[in-house]
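**Q** Sequence and predicted structure are below.
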Amino acid sequence: MVAHFVMSIDQGTTSTRCILFDRGGRLVSVSQREHKQYFPKPGWVEHDAAEIWRNLEHLAPEALAKVGVTTGQVAAIGIANQRETTVLWDRRTGHPLGRAIVWQDTRTDELVAEYARRPDASTVLEHSGLPLATYFSAPRIRWMLDHNPGLRERAERGEVLFGTMESWLIWNLTGGVDGGVHVTDVTNASRTQLMNIRTLEWDPELLDFFGVPAAMLPEIRSSAEVYGQAARALPGVRIAAALGDQQAALFGQTCFARGEAKCTYGTGSFLLLNTGDTPVRSTHGLLTTVGYRIGTEPAVYALEGSIAVTGSLVQWFRDSLGLITTAPEIETLARTVEDNGGCYIVPAFSGLFAPHWRSEARGVIVGLTSYITKGHLARAVLEATGWQTREVVDAMNADSGLALTTLKVDGGMTADNLLMQFVADVLDAPVVRPMVAETVSLGAAYAAGLAVGYWPDLEGLRRNWHRAALWNPAMDAGRRESEYGNWRRAVERTFDWIQPAAEARGE
């Protein structure tokens, strides 16, 4: 039977989706299911990895059934996933050992502060390309090993496996306890803080620094190659790609040339700039990461600006404040006023990510007067995403020596025209959105299709990209810089809010 489709599994922070794409990169079928978010303590965010696997078992066949497709018509599976979220599971039983610790979780803040005081702390940035922060997997692994009696000894014996979500899903898809393949790809491995950014292998010095046993780690593979065949959910279909979700979006946006950039606006927002086959060391608070690696070709690197809170700020405005009932309503409410009324919201709910990396920061609303209405607050919510994008782009231009000329955008927030116009205004650069908005899923599908010959080359993928919307900058330069100055002063107000426990005790 001729394989007409590629399936993408997009395992995200709030839901899992299975999407079928055809040869033209068009979406044919989609199935989606949300999973529960657990917040057991302030700053803690958890997922049930077993629930996510159960969801996938239902979603994959459902996506095929919706359009009458059989597994024999699927050329390959590609997986995109929330990246730093950390899962430990029992190799013998296949059961997760506690809940997965999500990338937004900040429980390791004191541990990270302790690491930062060590004389060899510079090793982490030098070898991994990543600053010490609660964002990454390594401190979470260490925390789990330290807080579960006997777990370290079992991990050292190889009885406990670690993975980010793609590793967990691939292991289960390929048989789990009955011969499951324990692998990760270079993009996800580059987010653990345990991989050497140049050798693309687990780094012994980093493993020693964080106290993580090598026996629990998956094998690092390229982003596009056949890892194995599915034994469950989609039996017989080749699993041929895995990329962290933001790298998948870079790939789906066909940013294959040095200097091309994209930003995905979702729960958080992530701006990636292709820097070619050489890692660029950031001196402005960005992350050096692997963009993708196709088969045995050299890896392509990227600079990344990770913004923790963008779409989730709209959710907070809706769910916690109750000022809107649906997320799209925020644009309508924001348009009831001409500007923010002098009000700025800095959403440092779990610290600040790029370019500041301040784990102790907490959110603020500044400039409040009796003049401020819920319309001004709505506009300040949207503008927070624009200003955070501007901060990252400024850092990216400084690090790369390149001036951003166009920003490709994707993700749910790009449906907000007021926001996208504001992003173009504060960047003073055009913002473009593609016809296929599901670029994370599409990137995983593209990589899997390349690995099995479904698509011939990168140029063929470029021809699938078509522009759907364009926003050109229209803001006065003086106003832009004046308001940006206000934003930067607002950001400074978030610093040093949470004191380390030892400092709070006067030690």
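**A** Received, thanks. Just so you know, these numbers come straight off a predicted model, no measurement behind them.
**Q** Surely Gly305 forms part of a helix?
**A** No. Under the criterion used here (DSSP: H, G, I helix; E, B strand; the rest coil), Gly305 is strand, not part of a helix.
**Q** That one: what's it in contact with?
**A** When contacts are counted by C-beta atoms under 8 Å, 6 or more residues apart in numbering, Gly305 touches 270-272, 286-287, 353-355, 391-393, 395-396. (Each C-beta comes from the backbone N, C-alpha and C, glycine too.)
**Q** a markdown table for the residues you listed, including neighbour count?
**A** Shown next, in a markdown table, are the contacts of Gly305 (neighbours: other C-beta atoms under 10 Å):
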| residue | neighbour count |
| --- | --- |
| Phe270 | 27 |
| Leu271 | 29 |
| Leu272 | 27 |
| Leu286 | 28 |
| Leu287 | 27 |
| Phe353 | 28 |
| Ala354 | 26 |
| Pro355 | 22 |
| Glu391 | 23 |
| Val392 | 27 |
| Val393 | 24 |
| Ala395 | 21 |
| Met396 | 26 |
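**Q** out of these, who's nearest Leu111?
**A** Each of the contacts of Gly305 was scored against Leu111 by C-beta to C-beta, and Phe353 proved nearest at 17.8 Å.
**Q** ok, now how distant is that closest one from Leu271?
**A** The spacing between Phe353 and Leu271, counted by C-beta to C-beta, to the nearest Å, is 11 Å.
**Q** Need the overlap of contacts for those two.
**A** Contact criterion C-beta under 8 Å, 6+ apart; residues shared by Phe353 and Leu271: 305, 307.
**Q** ok so, going back, relative to Val426, which of the contacts of Gly305 is nearest.
**A** Nearest to Val426 out of those is Val393 (C-beta to C-beta; 8.8 Å).
**Q** helix/strand/coil for that closest one?
**A** Applying three-state DSSP: Val393 is helix.
**Q** Contacts only, for it.
**A** 271, 305, 404, 407, 427, 429.
**Q** could you dump the residues you listed to TSV with pLDDT and secondary structure?
**A** TSV is the format used below for these (pLDDT from 0 to 100; DSSP: H, G, I helix; E, B strand; the rest coil):
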residue	pLDDT	secondary structure
Leu271	94	strand
Gly305	92	strand
Leu404	85	coil
Leu407	94	strand
Leu427	95	helix
Ala429	94	coil
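**Q** Mind listing the strands the host helix or strand of Val432 pairs with, and their directions?
**A** Element membership for Val432, per DSSP states H and E: strand 431-434. In the sheet containing strand 431-434, its partner strands are strand 407-410 (parallel), strand 467-471 (antiparallel), by DSSP bridges.
**Q** State the pair within the contacts of Val393 that is farthest apart.
**A** Taking C-beta to C-beta, no two of those sit farther apart than Gly305 and Ala429, at 14.8 Å.
**Q** And for this protein, the residue most distant from the center?
**A** Ser370 (38.1 Å; C-alpha atoms, centre = their mean).
**Q** Please, which helix or strand holds Trp89?
**A** strand 87-90.
**Q** any idea how far that strand is from the chain center?
**A** 21 Å (C-alpha atoms, centre = their mean, to the nearest Å).
**Q** same question, stretch 170-188
**A** The chain centre lies 20 Å from the centre of stretch 170-188; the measure is C-alpha atoms, centre = their mean.
**Q** how long is that stretch end to end?
**A** 13 Å (C-alpha to C-alpha, to the nearest Å).
**Q** now stretch 141-154
**A** Stretch 141-154: ends 13 Å apart by C-alpha to C-alpha.
**Q** what residues does it touch?
**A** The contact list for stretch 141-154 (C-beta under 8 Å, 6+ apart) reads 86, 88, 97-98, 101, 107-108, 111, 155, 160, 162, 192, 210-213, 216.
**Q** how about a cut-off of 7 Å?
**A** Stretch 141-154 is contacted from outside by 86, 88, 97-98, 107-108, 111, 155, 160, 162, 210-212, using C-beta atoms under 7 Å, 6 or more residues apart in numbering.
**Q** Which members of those residues are positioned in strands?
**A** Among those, the ones falling in strands (DSSP state E) are 88, 160, 162.
**Q** can you give me the helices in the stretch 301-450 of the chain?
**A** Using DSSP state H, counting those that start in this stretch, the helices of the stretch 301-450 of the chain run over 311-319, 329-334, 374-400, 417-427, 439-451.
**Q** just so I know, which of those helices lies nearest Ala257?
**A** Short answer: helix 374-400, nearest of the helices of the stretch 301-450 of the chain by C-beta to C-beta, at 13.0 Å.
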